[in-house]
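[1] Everything below, folded, please.
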Amino acid sequence: MPDAARVLPLDGIAPLIGPALTMTPLAPCMRLILRGRAAAAAAAAPALGMRLPVLACRSARTGERAALWLGPDEWLILAPADDPLAATLAAALAGVAHALVDVSHRQSGLSIAGSAAATVLNAGCPLDLDHTAFPIGMCTRTVLAKSEIVLWRTGALAFRVEAGRSFVPYVWQYLAEAGREFG
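    Numbering: from 1, shown residues only. Modelled structure (predicted):
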């Protein structure tokens, strides 16, 4: 579980707000990695309040909870920091082969939105981020410059970027520099 007293990598960084680009550090949240086969996915669904996505690179969302498909048997689950989901999931998965690991402290997130968001991300990300190739709800592990990230399109002009704690200041600076002409 995230600790409220913990210093975050983007603490003190003000959001960047421009006419075509907005970048915002995201508040701490719960991040769980669930690994398991179909039985684990089925057992987790009632506790999550949604089915886990089974299509490659897709996400599912209910309320403030989200599940991102990272592999055939792996999901990144996002929830509010104070959500009792970890214990609820552990109970629901008892007796089912699975791995459930809290990685809340491993990563940090930021949002990037606006008409220039995909262009700025493409300064360091090799994916085709056109909405026809990377629609709302699509997510994947990829790279941004020299950093591994999880990229999730949350809206028509909005993305969530998850990066390792030690890399998120670099990712922020890289995107801020790439987006200077739009701010």
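[2] Below-threshold pLDDT in the protein: ranges please.
    Low-confidence segments of the chain (pLDDT under 70): 1-6, 183.
[3] Check it for its longest strand and report it.
    strand 147-155 (DSSP state E).
[4] tell me which residues of that one are tucked away?
    Using 16 or more other C-beta atoms under 10 Å as the test for burial, strand 147-155 gives 147, 149-154. Every residue, glycine included, has its C-beta placed from N, CA and C.
[5] now the residues you listed as a markdown table including distance to residue 60?
    Below are these laid out as a markdown table (distance: C-beta to C-beta, whole Å):
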| residue | distance to residue 60 |
| --- | --- |
| 147 | 26 |
| 149 | 20 |
| 150 | 15 |
| 151 | 17 |
| 152 | 11 |
| 153 | 14 |
| 154 | 13 |
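[6] and which of these is nearest to residue 46?
    residue 152 (23.7 Å; C-beta to C-beta).
[7] and the closest one, what does it touch?
    When contacts are counted by C-beta atoms under 8 Å, 6 or more residues apart in numbering, residue 152 touches 59, 66, 68, 138-139, 159-162.
[8] TSV please, covering those residues and showing secondary structure, distance to residue 172 and neighbour count.
    Output for the contacts of residue 152, formatted as TSV (DSSP: H, G, I helix; E, B strand; the rest coil; distance: C-beta to C-beta, whole Å; neighbours: other C-beta atoms under 10 Å):
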residue	secondary structure	distance to residue 172	neighbour count
59	strand	23	22
66	strand	21	23
68	strand	21	27
138	strand	22	22
139	strand	20	25
159	strand	14	22
160	strand	13	22
161	strand	9	25
162	strand	13	25
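[9] what would these look like in a markdown table with distance to residue 22?
    Formatted as a markdown table, the contacts of residue 152 follow (distance: C-beta to C-beta, whole Å):
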| residue | distance to residue 22 |
| --- | --- |
| 59 | 21 |
| 66 | 20 |
| 68 | 22 |
| 138 | 20 |
| 139 | 20 |
| 159 | 11 |
| 160 | 13 |
| 161 | 13 |
| 162 | 18 |
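[10] and the gap between the most centrally placed residue in the chain and residue 136?
    Centroid-nearest residue in the chain, with C-alpha atoms, centre = their mean: residue 162, separated by 4.7 Å. Distance, residue 162 to residue 136, using C-beta to C-beta, to the nearest Å: 17 Å.
[11] This protein: strands as residue ranges?
    So, for the chain - with DSSP E - the strands run 16-17, 22-25, 29-35, 59-62, 65-71, 74-80, 99-102, 107-113, 139-144, 147-155, 158-164.
[12] Of all those strands, which one is nearest residue 180?
    Distance to residue 180, taken as C-beta to C-beta, is lowest for strand 16-17 among the strands of the chain, at 9.4 Å.
[13] do you know how far the residue of the chain most remote from its centre is from residue 46?
    Going by C-alpha atoms, centre = their mean, the residue of the chain most distant from its centre is residue 95, 28.4 Å out. Distance of residue 95 to residue 46, computed by C-beta to C-beta: 14 Å.
[14] Cheers, nothing more for now.
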